[in-house]
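Asks: Predicted coordinates and the sequence they were generated for:
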Amino acid sequence: MLEKKLDRAITEFIWNVVEIHSQLEDIHTSWAGLLGITQPQWLILMAITELDKGRGVAGIDIANKLRVHPAFVTNQTKTLERRGFLSRRAAPDDARFVLMSLTAKATTEIEKLAKRKLAFNSTMFNELDEKTLAELNATLATIAKNARLAARLLAIEAS
């Protein structure tokens, strides 16, 4: 009986994650639309915002953050560069790596959305305090780590 309840709870959790993922995709598509870019391009800008510590961000780091192929990042960041949202330059210590940074245009456009993003976050996380979110993030990080392991095991079994 306990195993059946646990299985049901896991299934319910997975469907909740699917629902949240779907809603976040729609939300990111809306944010992107406000800048006239695609949802993946929006996520690239957000990844750069998160990862850039003042020196720029390598495409491989963006790809790893977004869990996409590095070639996809290269293609999309070239488009974003042409649109004036980011700058690309060779890494000073290894010219094989291109470092990307947001331009003033991108920073200004993202800052224009700041109040709307605060309102969105307030709505989405309305009943959760900082401690609850920290605990939830720790739990989700554990589940993500275990999911990566489970995916690798499944891939091994399938081969």
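Replies: Done, it's in.

Asks: So R96 belongs to a helix, correct?
Replies: No: R96: not assigned to a helix; according to DSSP: H, G, I helix; E, B strand; the rest coil it is strand.

Asks: Could you tell me how many residues sit around it?
Replies: 7 (other C-beta atoms under 10 Å). Using the backbone N, CA and C atoms, a C-beta is placed for each residue, glycine as well.

Asks: so how far is A155 from it?
Replies: Distance of R96 to A155, computed by C-beta to C-beta, to the nearest Å: 29 Å.

Asks: how about low-confidence regions in the chain?
Replies: Residues of the chain meeting the criterion pLDDT under 70: 1-2.

Asks: which residue is nearest the centroid of it?
Replies: L66 (5.1 Å; C-alpha atoms, centre = their mean).

Asks: What residues does it make contact with?
Replies: L66 makes contact with 40, 43-44, 47, 73 under the criterion C-beta atoms under 8 Å, 6 or more residues apart in numbering.

Asks: and if you look at S87?
Replies: 81, 100-101, 103.

Asks: can you map out the helices along the protein?
Replies: 2-35, 39-51, 59-66, 70-82, 104-112, 114-124, 130-158 (DSSP state H).

Asks: Which parts of the protein belong to which domain?
Replies: If you go by automatic domain parsing, the domain ranges for the chain are 2-126, 127-159.

Asks: for these, which one ends up most surrounded?
Replies: Of all the domains of the chain, domain 2-126 carries the top mean neighbour count, a mean of 14, counting by mean count of other C-beta atoms under 10 Å.

Asks: Put together CSV for the helices of the chain, with distance to P92 on each row.
Replies: Shown next, in CSV, are the helices of the chain (distance: least, C-beta to C-beta, whole Å):
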stretch, distance to P92
helix 2-35, 30
helix 39-51, 18
helix 59-66, 16
helix 70-82, 19
helix 104-112, 21
helix 114-124, 31
helix 130-158, 33
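
Asks: Among these, which comes closest to A90?
Replies: helix 59-66 (11.8 Å; C-beta to C-beta).

Asks: Now do the closest one and helix 39-51, the angle between them.
Replies: Calculated by axes from the mean of the first three to the mean of the last three C-alpha atoms, to 10 degrees, helix 59-66 forms an angle of 110 degrees with helix 39-51.
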